[in-house]
Each structure stands twice: as structure tokens, then as C-alpha cells.
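Colleague: I would like the atomic coordinates for the input below:
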Amino acid sequence: QVQLVESGGGLVQAGGSLRLSCVVSGRIFSRSAMGWFRQAPGKEREFVAVINWNGGWTYHADSVKGRFTISRDNAKNTVYLQMDSLKPEDTAVYYCATARGATMTITEYNYWGQGTQVTVSS
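Modeller: Reported below is the predicted structural model:
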């Protein structure tokens, strides 16, 4: 059974920082790419960042490039999303997910967490 549990969300002022964590149970973590997505109220879920299985390759959406950083610790079965210079438009529920290969395509992700709320006040 694969489970993903996100944490680290909360309320922060614009310009502030948060670090999200996602712990993955099960043996698939070390051979899976990991992605972060977000969904704001009334909007579709959108890609935020992806990291390959060993952390050697990452890609960030243009909307967060230079502000957010994805990383992983395979010894801890954990993927992180460091979020700096937060903006009100970053407000959303953030989800982590696993995929066989590093991809930005949401349909290629097979296991998902329940999400963690991030709210940025102006």
C-alpha cells in the first residue's frame, strides 16, 4: 500500500516562506519521480515542480521558477518544496504525487497525497 502524506502548509504573509514535506510509504519512492501540484478554488489542478528518481534533474513551472525549489531525500522517503517570496496568487491546496518518470503531465501521476493548504495574505 502506497501512502503519501503532505505537511508544512499554513498561513503566511506575502514575501514569506514555507517548506512543504511529503513522506511516502512503500518501496516505490526511491525509483519514482515526484511532483508537486496545486489547486486553487475554482481552478484546475496545475503542475508546480518535478524531480527525477535520484534528484539529478528538476523542473519548475514558470510561475514559480526562481522562488520555489523541489528536492528529495531518498533515505527519508521524503520530497520537499521550499517556497520563498510567496505571493497571494500562490494560495492553493498543494499535492505531492508519484510517477514512473519525471513528467509535467498530471495524468501520468498514479499516487496522490491528500493535500496541504497554503494561504498567502497580502
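Colleague: show me where pLDDT drops low in the protein?
Modeller: For the chain, no stretch has pLDDT under 70.
Colleague: the strands in it, which residues?
Modeller: 3-7, 10-13, 18-25, 33-39, 46-51, 58-60, 68-73, 78-83, 92-99, 109-112, 116-121 (DSSP state E).
Colleague: Okay, now the sheet partners of the first one, with direction.
Modeller: Sheet pairing for strand 3-7, assigned by DSSP bridges, gives strand 18-25 (antiparallel).
Colleague: Then the fifth one?
Modeller: Partner strands for strand 46-51, per DSSP bridges, with pairing direction: strand 33-39 (antiparallel), strand 58-60 (antiparallel).
Colleague: Among those strands, which comes closest to residue 80?
Modeller: strand 33-39 (9.2 Å; C-beta to C-beta). Every C-beta, even on glycine, is put in place using the N, C-alpha and C of the backbone.
Colleague: angle of that closest one against strand 116-121?
Modeller: 50 degrees (axes from the mean of the first three to the mean of the last three C-alpha atoms, to 10 degrees).
Colleague: list the buried ones in strand 33-39?
Modeller: 33-38 (16 or more other C-beta atoms under 10 Å).
Colleague: Could I get the CA-only coordinates of stretch 64-71 as PDB?
Modeller: What follows is stretch 64-71, C-alpha atoms only, in PDB (Å, rounded to 0.1, in the frame of the first residue of the first chain):
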ATOM      1  CA  VAL A  64       7.300  29.600  -9.500                       C
ATOM      2  CA  LYS A  65      10.700  29.500 -11.100                       C
ATOM      3  CA  GLY A  66      13.300  31.300  -9.000                       C
ATOM      4  CA  ARG A  67      11.000  31.200  -6.000                       C
ATOM      5  CA  PHE A  68      10.200  27.500  -5.300                       C
ATOM      6  CA  THR A  69      12.700  24.700  -5.100                       C
ATOM      7  CA  ILE A  70      11.900  20.900  -5.200                       C
ATOM      8  CA  SER A  71      14.300  18.500  -3.500                       C
END
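Colleague: Need the buried residues of strand 33-39 in a markdown table (columns: distance to residue 85).
Modeller: Converted to a markdown table, the buried residues of strand 33-39 look like this (distance: C-beta to C-beta, whole Å):
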| residue | distance to residue 85 |
| --- | --- |
| 33 | 26 |
| 34 | 23 |
| 35 | 21 |
| 36 | 16 |
| 37 | 20 |
| 38 | 16 |
